[in-house]
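Engineer: Okay, here's the prediction I keep looking at, along with the sequence it came from:
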Amino acid sequence: MSKLEGKRVLITGGAQGIGLQMAMKFAGRGAEIVLADINADKLAEATRHLDERGAVASGFQVDVTNPASIASLRAQIAAEAGPIDVLVNNAGVVFGGPFATTPLDQHFKTYEVNVLGLVAMTHAFLDDLIARPEAHLVHIASASGLIGLPYGATYASSKWAVIGFGESIRAELKLRGHEHVHHTIVCPSYIGTGMFQGAEAPKATTILQPDFLAEKVVQAVERNTVHVLEPFMVKLTPIIRALLPVGLYDKMSHLFGADTSMAHWTGPTGDATPEPDVEAPSEDQPEAER
């Protein structure tokens with residue numbers, strides 16, 4: 001999708017954090033933004049934030065764990081905004097701590113939002129994307145979906161599921177002759193949005209700035225890039241994991257602090273995303289920053 005101007009982009013979990021940051025980046029390319037979020041107050045604030053910067057934006061409340069809520073969302077968007085061209089499945093939650101002492105309802109909530117919600121959103125909107133001349137589907141997964149993550153077992157495994165689901169849908173669309181619906185799976189390390197307060201980036205990596213990752217995602221949609229793995233060490237992770245024996249990999253993971261990165265997670269502290277440097281949509285959008 002080389003041209004985003006005039007495209008309609010739906011972002012779940014779009015009222016704050018990386019969701020809002022991506023919205024601002026898409027808006028800067030001239031896209032129309034449709035935010036969906038469970039938090040009505042944050043949703044109104046985010047929509048107003050976009051409007052004040054000249055973006056065309058609308059917001060709709062949704063609970064992605066409730067199929068009836070998603071059906072209502074789809075009907076509202078069709079009636080009030082129009083068909084979407086891009087779906088960004090961004091809504092997600094994280095709970096950390098030792099598996100056995102973390103409440104079971106938190107483990108279940110992780111799967112309900114991160115997996116079942118994403119599947120339900122895709123199921124509701126995929127035919128709409130297929131009906132467009134060109135469309136794009138984005139799944140926000142995680143680098144933890146490529147490895148095991150002590151103190152974050154259900155979060156990591158939920159992201160493994162996102163990656164497997166995304167790869168399967170991508171292959172299915174190709175087999176069905178719908179190659180005009182492009183697909184991106186995003187696997188970032190920790191993002192500085194407040195969700196991972198207390199987590200420590202493994203050695204040779206860094207906490208990602210939301211603005212940086214949002215730009216990478218938008219570039220991936222523009223270039224029809226299948227995978228976004230950031231920072232650089234994440235790109236090497238699948239190769240390292242495949243080549244090293246389990247025992248040696250475990251030692252390397254411990255040496256770099258990957259296996260203890262969630263050991264001191266304290267939980268979300270609110271939206272720590274820096275104020276976005278947003279450009280209003282224009283016909284002469286400059287080359288994306290790198």
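Structural biologist: Received, thanks. Residues are numbered from 1 along each chain as shown.
Engineer: now the residue nearest the centre of the chain: how far from Thr193?
Structural biologist: Centroid-nearest residue in the chain: Ile140, 2.6 Å away (criterion: Cα atoms, centre = their mean). Distance, Ile140 to Thr193, using Cβ to Cβ, to the nearest Å: 12 Å. For the C-beta atoms, the positions are set from N, CA and C on the backbone; glycine is no exception.
Engineer: same thing with Gln76?
Structural biologist: Note on Gln76: its distance to Thr193, by Cβ to Cβ, is 27 Å.
Engineer: More neighbours: which of these two?
Structural biologist: In this view Gln76 and Thr193 are compared by other Cβ atoms under 10 Å, and Thr193 has more residues nearby, 25 against 16.
Engineer: ok, His178 - contacts?
Structural biologist: Ile130 (Cβ atoms under 8 Å, 6 or more residues apart in numbering).
Engineer: That one in helix, strand or coil?
Structural biologist: The three-state label given to His178 by DSSP: H, G, I helix; E, B strand; the rest coil is coil.
Engineer: Quick check: can you name the pairing partners of the longest strand that the chain contains and their directions?
Structural biologist: Ordering each strand of the chain by length in residues (DSSP state E) puts strand 181-188 first. Based on DSSP bridges, the pairing partners of strand 181-188 within the sheet are strand 135-140 (parallel), strand 227-230 (parallel).
Engineer: Between Ile140 and Thr193, which contacts overlap?
Structural biologist: Overlap of the contact sets of Ile140 and Thr193 (by Cβ under 8 Å, 6+ apart) consists of Ile18.
Engineer: follow-up on the earlier one: what's the angle between the helix or strand following the longest strand of the chain and strand 135-140?
Structural biologist: As assigned by DSSP states H and E, the chain's next helix or strand after strand 181-188 is helix 210-223. If you take axes from the mean of the first three to the mean of the last three Cα atoms, to 10 degrees, helix 210-223 sits at 150 degrees to strand 135-140.
Engineer: And helix 210-223, what's buried?
Structural biologist: Neighbour counts using 16 or more other Cβ atoms under 10 Å place 210-221 of helix 210-223 among the buried residues.
Engineer: List the contacts of that helix.
Structural biologist: So helix 210-223 is contacted by 1-2, 4, 17-18, 21-22, 24-26, 29, 86, 88, 136, 138, 140, 182, 184, 186, 188, 191-193, 225, 228, 230, 273-274, 276-277, 288-289 (Cβ under 8 Å, 6+ apart).
Engineer: if you set the cut-off to 6 Å instead, what comes out?
Structural biologist: With contacts defined as Cβ atoms under 6 Å, 6 or more residues apart in numbering, helix 210-223 is touched by 1-2, 18, 21-22, 25-26, 136, 184, 186, 188, 191, 193, 228, 230, 273, 288.
Engineer: number of nearby residues for the residue nearest to Thr12 when sequence neighbours are not counted?
Structural biologist: The shortest distance from Thr12 to any residue other than its chain neighbours is 3.9 Å, reached at Ala91 (Cβ to Cβ, 6 or more residues apart in numbering). Ala91 has 24 neighbouring residues, counting by other Cβ under 10 Å.
Engineer: Please list all residues in contact with Ala91.
Structural biologist: Contacts of Ala91 by Cβ under 6 Å, 6+ apart are 12-13, 64, 117.
Engineer: Out of those residues, give me the two with the largest separation.
Structural biologist: Longest distance between any two of the contacts of Ala91 is 9.3 Å, between Gly13 and Gly117; criterion Cβ to Cβ.
Engineer: Tell me, how many residues neighbour Asp41?
Structural biologist: Other residues close to Asp41 by other Cβ under 10 Å number 9.
Engineer: What of Gly177?
Structural biologist: 8.
Engineer: The one 5 residues further on now?
Structural biologist: Residues within reach of His182, counting by other Cβ under 10 Å, total 22.
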